[in-house]
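Student: the following comprises the amino acid sequence and a computationally predicted model.
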Amino acid sequence: MPQVVANYNANKHKGLDIFVVLGEDYAYKPPTLAYCKSYAAQYGLPLDKIYIDSGPNFGGFETLFTYIDVYADANGGFGLPWVAILDLDDMEYLYTSSLDPYFNTAPAIWEAMQD
């Protein structure tokens with residue numbers, strides 16, 4: 001997460017935006033508003049960049065992973081934090097951390113920022 005926040009802070013003046021989706025807290029329970037505030041403060045993010053996604057059917061990230069492929073491994077697993085980069089001009093899916101254990105987000109951010 002620190003690299004994601006650093007890239008956001010370095011590029012937000014160029015139009016880069018960030019949305020942090022919390023599907024669970026550290027105890028694997030639905031995140032509360034207090035938890036979201038604490039998470040935002042921990043990473044120096046404005047609270048309006050933090051979203052809760054915890055549903056009744058399978059819990060954390062229920063809506064997000066209904067619409068975005070996480071690219072899980074053969075056993076259905078993926079790591080958290082999980083990062084995706086989308087070009088919001090055309091919603092092209094440019095990056096997923098499921099395929100990059102080093103979180104090298106810079107090339108995808110650069111591609112998304114090109115006009």
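Tutor: Sure thing, it's come through. Numbering: from 1, shown residues only.

Student: under the pLDDT cut-off, which ranges of the chain? List them.
Tutor: When the per-residue scores of the chain are filtered using pLDDT under 70, the ranges that remain are 101-103, 115.

Student: so where do the helices sit in it?
Tutor: 2-11, 33-43, 64-67, 106-113 (DSSP state H).

Student: what's the closest of the ones you listed to G23?
Tutor: The closest of the helices of the chain to G23 is helix 64-67. By Cβ to Cβ, the value is 7.2 Å. Using the backbone N, CA and C atoms, a C-beta is placed for each residue, glycine as well.

Student: now the nearest residue to G15 once chain neighbours are set aside: how far from N7?
Tutor: Once its chain neighbours are removed from consideration, G15 has its nearest residue in M113; the separation is 6.8 Å (Cβ to Cβ, 6 or more residues apart in numbering). Distance, M113 to N7, using Cβ to Cβ, to the nearest Å: 10 Å.

Student: and if you look at D69?
Tutor: 22 Å.

Student: quick one, which of the two is more surrounded?
Tutor: When D69 is set against N7 and neighbours are counted by other Cβ atoms under 10 Å, the residue ahead is N7, at 20 against 10.

Student: now do that one against K37, distance only.
Tutor: Here N7 is placed at a distance of 23 Å from K37 (Cβ to Cβ).

Student: one more: T63?
Tutor: Distance from T63 to K37, counting by Cβ to Cβ: 21 Å.

Student: got it, and Y95?
Tutor: Distance check for Y95 against K37: by Cβ to Cβ, it reads 28 Å.

Student: where along this protein do the strands fall?
Tutor: 20-22, 50-52, 54-55, 59-60, 84-87, 92-96 (DSSP state E).

Student: between those, which gets nearest to H13?
Tutor: Proximity of the strands of the chain to H13 was assessed by Cβ to Cβ; the nearest stretch is strand 84-87, lying at 17.7 Å.

Student: tell me what that closest one is packed against?
Tutor: Packed against strand 84-87 by the contact rule (3 or more Cβ pairs under 8 Å, 6 or more residues apart in numbering; DSSP states H and E) you find strand 92-96, helix 106-113.
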